[in-house]
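*Asks:* Show me how the following folds:
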Amino acid sequence: MAIRKIARMGHPVLSQVARPVEDPTAPEIHALVADMVETMIDANGAGLAASQVYEPLRVVIFQAPPERAPEGMDEEESYDHTVALTVLINPQIEILSSDMEDGWEGCLSVPGLRGLVPRHSEIIYRGVGLDGKPIERRAKGFHARVVQHECDHLDGVLYPQRMTDLSELIFESEVRHRIEAEALGEEEAADA
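*Replies:* Below you'll find the predicted structure:
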């Protein structure tokens, strides 16, 4: 296992459509996934796509633990306790609801920034695992957001491309100030 370098926004590998994996059980795919897990953990990420480590293959890994969910999100919405670290090869997403939810996202390939991104609130994702067996899960809330974010990488899409208002693209260091200002504004509006 090795910690790999993470491609940053602007590198051509991040704008490519990734190739399908022919044999998910192949030793080189297992080695890639082991490196991806080590890299994601080292970078304190919630997910990672193979494209982000310069391998344009349809492989994503993700986890949606409660401590990674945005503040104010209830436990049911933030995390499906049956899904910890997931390896998903050749993923497909089925949208279950046209309802969209705005949520703050960050990305290891867009370091130092956060953006308010609309995502479908409920999905089913399918693919195969490292053993070649099918995976199919229903996801909502933060879990659905993480899966959609990671799978976007496989189609050459970074979260800023999904944003509808670039004034909502901010530095991570300013998120706390932003939340405090919004809370103060809400309090003032309630007092009026």
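*Asks:* tell me the mean pLDDT over stretch 97-108?
*Replies:* Averaged across stretch 97-108, pLDDT comes to 94.
*Asks:* for stretch 149-165, same thing?
*Replies:* pLDDT averaged over stretch 149-165 gives 98.
*Asks:* Which secondary structure element of this structure has the lowest mean pLDDT?
*Replies:* helix 75-78 (a mean of 46; mean pLDDT, DSSP states H and E).
*Asks:* Could you export the next helix or strand after it as CSV, CA atoms only?
*Replies:* Proceeding N to C from helix 75-78, the next assigned helix or strand is strand 86-95, under DSSP states H and E. Written as CSV, here are the backbone C-alpha positions of strand 86-95 (Å, rounded to 0.1, in the frame of the first residue of the first chain):
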residue,chain,number,x,y,z
THR,A,86,-17.6,1.0,0.5
VAL,A,87,-15.6,0.1,-2.7
LEU,A,88,-17.8,0.5,-5.7
ILE,A,89,-16.6,-0.5,-9.2
ASN,A,90,-18.3,0.5,-12.4
PRO,A,91,-21.0,2.4,-10.4
GLN,A,92,-24.4,3.5,-11.8
ILE,A,93,-26.8,5.8,-10.0
GLU,A,94,-30.6,5.8,-10.3
ILE,A,95,-32.3,9.0,-9.1
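*Asks:* Next, the buried residues of strand 86-95.
*Replies:* T86, V87, L88, I89, N90, P91, I93 (16 or more other C-beta atoms under 10 Å). Where C-beta positions appear, they are placed from N, C-alpha and C, glycine not excepted.
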